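Visitor: Sharing a sequence plus its predicted fold:
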Amino acid sequence: QVQLVESGGGLVQAGGSLRLSCEVSGRSVSGNAMGWFRRAPGKEREFVASINWSGDSTYYADSVKGRFTISRDNAKNVVYLQMNSLKPEDAAVYYCAAGRYLSGTYNQRDYSYWGQGTQVTVSS
């Protein structure tokens, strides 16, 4: 059974930073792309960032480009999302997902395993 557990969410002031972690258990995901998505209240879940299997290719939503950084440690089976210069509009539940393929994509259908999410709240 593959499990993804996110952590690192919380309350932060606008302009602050948070680092989310996603620990994967049950199988290695070193051969899978990984992604971060988010769902704000009243909105659909949306793509945030993805990283390919080896970690040398990343892809970001325009809304977070230049502020967020996705990375991974395949030896630890962990994926990270460093979030800087946070804005109130970044507040959401953030989800980690394991992809079906080597390359990351923005399409949620390309991800087969999902975590339960971690709440990020940004105060203005």
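Guide: Received, thanks.
Visitor: For residue 20, name its beta-bridge partners.
Guide: Here residue 20 sits in beta bridges with residue 81, going by DSSP bridges.
Visitor: Let me know the pLDDT of it.
Guide: As predicted, residue 20 sits at a pLDDT of 98.
Visitor: ok, and the closest non-adjacent residue to the residue positioned nearest the centre of the chain?
Guide: Closest to where the C-alpha atoms of the chain average out (Cα atoms, centre = their mean) is residue 36, at 2.4 Å. Computed as Cβ to Cβ, 6 or more residues apart in numbering, the closest residue to residue 36 that is not its neighbour in sequence is residue 48, at 4.3 Å. C-beta: built from backbone N, CA, C; applies to glycine.
Visitor: Likewise for residue 29?
Guide: Using Cβ to Cβ, 6+ apart, the nearest residue to residue 29 is residue 98, at 5.0 Å.
Visitor: Could I get the buried residue list for stretch 71-84?
Guide: Neighbour-count burial for stretch 71-84 flags 72, 74, 77-81, 83 (criterion: 16 or more other Cβ atoms under 10 Å).
Visitor: tell me the mean pLDDT for it?
Guide: pLDDT averaged over stretch 71-84 gives 97.
Visitor: Contacts for it next, please.
Guide: 17-25, 28-30, 34, 36, 48-49, 51, 54-55, 64, 67-70, 90, 94, 96, 120 (Cβ atoms under 8 Å, 6 or more residues apart in numbering).
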